[in-house]
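**Q** okay, structure incoming, though there's no sequence with it:
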């Protein structure tokens, strides 16, 4: 167990006893306070109210007697007023008594005594009122008779009941006071016992703590402090006597012996360390020079690689530009091919439309010839109609008056036949002109069809040429892509080499910095070795 644990345990026991005393005192004082509170705030007040009952009842009995004994009404009035005042005083005390019983717990015997008082009160008050009524009726003899036979015994019984309640409260107060005295007496004895036990325990704990501390330290604290200060000043030649090897003094003695051995080893090691630090510093300087040379050569290689990378980037740029131009030519060729195809389609459609127009015109020519034939028939019919109309007119003229109407009709028919012939000749002329125009249109359509066929052939040849150009552009684009890919790979390799050179340069710089730090560390180590030798020299072993 540690010293702190022992001290905690010892003082903890003492504190525990103090807490026990405080707790017991708090419990006892609480019990006494509760009893005294009950006596002072409840029981003594009940007793006081009961004494008020008794005074009121006693004085009312005297006043009733005096009121009955006097003869005149004027002499009786002071006694009647006193009876009323005493009754009011009694009722005030009774109300406060009821409040106490309602707010605090009461025993069954106590409640029975109070109930007996209240029952006798009702009966006695009724007899008192009867007596006063007889006096008011000037029947003094009947009032005296009632006073002697019933009222006086009732008041005596009432006073006896009140005295019984007062005696009960007195006994209860005496019982509680006896309890308080017993509690305080027992508490005093308990305090003395606990104080004695605490004193004995404190003495035992103090003695054991002193012995434990002596065994733990191994001697007097002043002697131990003086020896430790000498060891701290560097004197390791001390002979520390102690009867307890496991004590602090024993540990200091063992530490002094081991520390002396360690100091000797440290002194030897510091000399070796100083020599090694000097050698390491010289090697670090040589390595720093080599790293500086390597860094310069690496920087030159990095510059050459950077120049080559820039050249490769230029090649890549030109190649990409050529590839873009080839792509543009390829797209234009595709667009031209598409236009040629659309032109071929349009020319084919035009040739078809020309052929269809030729066929329509041929059909129109044939229809015109048919119309001419029909017109010839119509003209023949018109001539025949004209002849018939002429014959009819001749016959009508022969008939005289009877044929006049028929002659008019014949004239009209002949006129109509004449107009028909004129219209037919006009239509015949127009049809002949239309047939002449149709023949010219057929010739023009034939020449257009031949030209369309020639245009189709030329467009096909142009489409073949564009396809050949497109294939050539695709080949050029593929070669540009391969050149660009190769240039990009070369550029990536150059960049990687450049990054490697940069990494080598950074590593060389870090190595140079590390070498410089090694040089400084070697110097610091040498300085530390010297300081260590100086520090070790302060100890006497």
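**A** Sure, I can see it. Fair warning: this is a prediction, and the values are worked out from it, not measured in the lab.

**Q** can you pull the contacts of residue 86?
**A** 56, 59-60, 63 (CB atoms under 8 Å, 6 or more residues apart in numbering). The way it works is simple: take the backbone N, C-alpha and C, and place the C-beta from them, glycine included.

**Q** please identify which of these is nearest to residue 175.
**A** residue 56 (27.6 Å; CB to CB).

**Q** hang on, the closest one in a strand?
**A** No - going by DSSP: H, G, I helix; E, B strand; the rest coil, the assignment for residue 56 is helix, not a strand.

**Q** quick check: it touching residue 89?
**A** Yes - counting by CB atoms under 8 Å, residue 89 is a contact partner of residue 56 at 5.3 Å.

**Q** and these two? Which one has more around it.
**A** residue 56 (22 against 16; other CB atoms under 10 Å).

**Q** what's the average pLDDT for stretch 324-337?
**A** Averaging pLDDT along stretch 324-337 gives 72.

**Q** what does stretch 386-404 give?
**A** Mean predicted lDDT for stretch 386-404 stands at 76.

**Q** what does stretch 64-84 give?
**A** On average, stretch 64-84 scores 91.

**Q** hmm, back to that, include distance to residue 429 and secondary structure when you put the contacts of residue 86 into a markdown table, please.
**A** Listed next are the contacts of residue 86 as a markdown table, based on distance: CB to CB, whole Å; DSSP: H, G, I helix; E, B strand; the rest coil:
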| residue | distance to residue 429 | secondary structure |
| --- | --- | --- |
| 56 | 167 | helix |
| 59 | 173 | helix |
| 60 | 171 | helix |
| 63 | 174 | helix |
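
**Q** what is the nearest of the residues you listed to residue 193?
**A** Using CB to CB, the contacts of residue 86 come closest to residue 193 at residue 56, 52.1 Å.

**Q** for that closest one, which non-adjacent residue is closest in space?
**A** residue 90 (3.9 Å; CB to CB, 6 or more residues apart in numbering).

**Q** from memory that neighbour sits against residue 59, does it?
**A** No - the pair residue 90 / residue 59 is not scored as a contact, 9.8 Å apart, by CB under 8 Å.

**Q** neighbour count: these two, which is higher?
**A** Higher neighbour count among residue 90 and residue 59: residue 90, with 21 against 16, using other CB under 10 Å.

**Q** what about that one, distance to residue 44?
**A** 19 Å (CB to CB, to the nearest Å).

**Q** can you tell me the average pLDDT over stretch 99-118?
**A** On average, stretch 99-118 scores 91.

**Q** compute the first-to-last residue distance for it.
**A** Counting by CA to CA, to the nearest Å, you get 15 Å between the two ends of stretch 99-118.

**Q** begin at 50, not 1, for the rest of this chat.
**A** Noted, 50 is the first residue going forward, which turns the last one into stretch 148-167.

**Q** so which bits of it are buried?
**A** 159, 162-163, 165-166 (16 or more other CB atoms under 10 Å).

**Q** pretty sure residue 244 is touching residue 69, no?
**A** No - checked against CB under 8 Å, the pair residue 244 and residue 69 is beyond contact range at 11.0 Å.

**Q** now do the domain split for this structure, please.
**A** 67-241, 310-585 (automatic domain parsing).

**Q** can you redo those as JSON lines with distance to residue 284?
**A** Formatted as JSON lines, these follow (distance: least, CB to CB, whole Å):
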{"stretch": "domain 67-241", "distance to residue 284": "48"}
{"stretch": "domain 310-585", "distance to residue 284": "12"}
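
**Q** rank those domains by pLDDT, which is bottom?
**A** Of all the domains of the chain, domain 310-585 has the smallest average pLDDT, which comes to a mean of 71.

**Q** for residue 87, which residues are in contact?
**A** Contacts of residue 87 by CB under 8 Å, 6+ apart are 153, 225.

**Q** distance of it from residue 503?
**A** Taking CB to CB, one finds residue 87 at 142 Å from residue 503.
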